[in-house]
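J.: Fold the stuff below for me.
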Amino acid sequence: MADIALEMAETIRAYHAKGWSPATSTNYSYRDSANDKIINVSRSGIDKSFFRAEDFMCVDFEGKPAFGYESIRPSAETLIHCIIYQLFPSSTVILHSHSKYSVLMSQLVDKSISFKGYEIQKGFKGQTTHEATVTVPVINNSQDMIVFSEWMKARETELNHHCFIIRNHGTYAWGDNLFEAKRHLETLEYLLEVEFMKRCVK
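T.: Numbering: from 1, shown residues only. Here you go, the predicted structure:
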């Protein structure tokens, strides 16, 4: 598990370099295969450009700090991670972004955004052709994580591409391993950027 923590930390620093986690924003997590009742989630208030493997903390599936971590504050959005793992139990990694294009595109659409004709759509698990239409839900932002979690549960059937957008906030993506989670997040971010630029040209 030390390896996945190191790999996650490296990914987080790389995403900060892309501009996806300004200030101390964004949060990330992975599940410990040795204890499936524990979630390792990034601590709150950490500068992601310096994020280390030691900057993860353990919480239970209700988002409460596990034994030994009671004095450490987890991310305010830890409950989102808990719900994703509950809805998609095979997932082991969750990534988050505060990219500019996810925020901008979320202002231009209603409840979802659809993509068609892009080769990179095949980056989403189960997609085998660029000719299909891929629809990703946009969920309104809320500071109340209980309310937001209920919105997520209500739209579970729309989360079939292992990602979603939070309006004026960013994106979440997950996978059965780090490679898959990265592929889902990077695919979505690429599509959002291209789609926004295409609309600006029009």
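J.: ok now the helix or strand hosting residue 7, how far from the chain's centre?
T.: Using DSSP states H and E, residue 7 falls within helix 2-17. Between the centre of helix 2-17 and the centre of its chain there are 14 Å (CA atoms, centre = their mean, to the nearest Å).
J.: Show me which positions of that helix end up buried.
T.: Neighbour counts over helix 2-17 (16 or more other CB atoms under 10 Å) mark 4, 5, 7, 8, 9, 11, 12, 13, 15, 16 as buried. Heads up, the C-betas are built off the backbone N, CA and C, glycines and all.
J.: do the same with stretch 114-124
T.: In stretch 114-124, counting by 16+ other CB under 10 Å, buried: 115, 120, 121, 122, 123, 124.
J.: Look at the third one and report its pLDDT.
T.: Predicted confidence (pLDDT) at residue 121: the value is 97.
J.: hang on, the earlier thing: list the neighbouring strands of whichever helix or strand comes after the helix holding residue 7 plus their orientation.
T.: With elements assigned by DSSP H and E, the helix or strand that comes after helix 2-17 is strand 29-32. Strand 29-32 has these partner strands in its sheet, going by DSSP bridges: strand 35-42 (antiparallel), strand 93-97 (antiparallel).
J.: right, so these: which one is the most enclosed?
T.: Of all the strands paired with strand 29-32, strand 93-97 has the most neighbours on average by mean count of other CB atoms under 10 Å, namely a mean of 26.
J.: For it, which outside residues touch it?
T.: With contact meaning CB atoms under 8 Å, 6 or more residues apart in numbering, strand 93-97 is reached by 4, 8, 11, 15, 20-21, 26-31, 77, 81, 84-85, 170-175, 177-178, 180-182, 185, 189.
J.: next one: stretch 23-36
T.: In contact with stretch 23-36 (CB under 8 Å, 6+ apart) are residues 1, 4-5, 8, 11-12, 15, 20, 38-42, 44-48, 56, 58, 75, 77-78, 81, 85, 91-98, 170, 178.
J.: Going by residue numbers, what spans are strands in this structure?
T.: Under the criterion DSSP state E, strands of the chain are mapped to 29-32, 35-42, 56-59, 93-97, 112-116, 133-139, 163-166, 170-175.
J.: okay, those in CSV with mean pLDDT and distance to residue 155 next?
T.: Converted to CSV, those look like this (pLDDT from 0 to 100; distance: least, CB to CB, whole Å):
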stretch, mean pLDDT, distance to residue 155
strand 29-32, 92, 21
strand 35-42, 89, 22
strand 56-59, 95, 24
strand 93-97, 97, 17
strand 112-116, 96, 9
strand 133-139, 97, 5
strand 163-166, 98, 8
strand 170-175, 98, 13
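J.: Tell me which of those lies nearest to residue 151.
T.: Among these, strand 133-139 comes nearest to residue 151, with 5.5 Å by CB to CB.
J.: roughly how far apart are the residue nearest the centre of the chain and residue 119?
T.: Note on the chain: the residue nearest the mean C-alpha position is residue 172, at 2.3 Å, using CA atoms, centre = their mean. From residue 172 across to residue 119, the span is 24 Å (CB to CB, to the nearest Å).
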